[in-house]
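> Predicted model and sequence below, questions to follow.
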Amino acid sequence: MPELIEAYWPILLVALLIGLIVAWWIFVATRRAKVSGDRRDVLDEGADPAARNQALIDAPPASTAQPVVAPGLAGAGTAVAAATEEGAVKANEALAVADGDDLTRIKGVGPKLRDMLIDLGVTQFSQIAEWSDADIDRIDSQLGRFEGRIRRDDWVAQAQLLAADDTEGYEKKFGRL
């Protein structure tokens, strides 16, 4: 082995130098981002820094804004009070709570689906109980990622039992409420 190294040391030295050059090129020379010692903004060309949006700073907080009460809700009292305290309840949800059913009692309907149904004008079990296949197709096509859930969870049968206030029959077929 030492004889081989003695005979080919110039070739080994050249191979080592080529390896070092290739490593330097891979790790250093091909970097696209250059870091400079100057920490000024790239877009700063000697101008003053951008001013903050004073309109947003001076605006009152959203929680102190006065609620807008829709006509016909003046007597809804607790529903309107709850909406103004939380600040996130929509006016159509307040209407649905005031004169609609709790659609989340239907298995497969959560808060997001309830909101989508309310936006589509569905607020009562009796409406869902009367849906035909055409109605199901029409509503189902507007449910986005929840499409297919109406038939899969059998909302019509659930709504028929809930509209008739048949808790015992509902629990026998679909489980506990």
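In hand now; what should we look at?

> which helices and strands sit right next to the longest helix seen in the chain?
In the chain, with assignment by DSSP state H, the single longest helix is helix 2-24. Packed against helix 2-24, as judged by 3 or more CB pairs under 8 Å, 6 or more residues apart in numbering; DSSP states H and E, are no other helices or strands. All C-beta atoms are positioned from the backbone trio N, CA, C, and that covers glycine.

> now for the helix or strand where Gln158 lies, which elements pack on it?
Using DSSP states H and E, Gln158 sits in helix 155-163. Where contact means 3+ CB pairs under 8 Å, 6+ apart, helix 155-163 is packed against helix 125-129, helix 167-174.

> continuing past the lowest-mean-pLDDT helix or strand in the chain, what's the next helix or strand?
Comparing helices and strands within the chain by mean pLDDT, DSSP states H and E singles out helix 91-99 as the least confident, with a mean of 53. Counting by DSSP H and E, the next helix or strand C-terminal to helix 91-99 is helix 111-119.

> so where's this structure uncertain?
Across the chain, the ranges flagged by pLDDT under 70 are 33-59, 61-99.

> Map the structural domains onto the sequence of it.
Using automatic domain parsing, the domain parsing of the chain gives 72-100, 102-177.

> quick one, which of those domains is nearest to Ile26?
Proximity to Ile26 (CB to CB) singles out domain 102-177 among the domains of the chain, at 45.2 Å.

> What are the buried residues along stretch 130-143?
131, 139-140, 143 (16 or more other CB atoms under 10 Å).

> Dump those residues to a markdown table, plus secondary structure.
Shown next, in a markdown table, are the buried residues of stretch 130-143 (DSSP: H, G, I helix; E, B strand; the rest coil):
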| residue | secondary structure |
| --- | --- |
| Trp131 | coil |
| Ile139 | helix |
| Asp140 | helix |
| Leu143 | coil |
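
> mind putting those residues in JSON lines, distance to Leu117 included?
Formatted as JSON lines, those follow (distance: CB to CB, whole Å):
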{"residue": "Trp131", "distance to Leu117": "11"}
{"residue": "Ile139", "distance to Leu117": "8"}
{"residue": "Asp140", "distance to Leu117": "11"}
{"residue": "Leu143", "distance to Leu117": "8"}
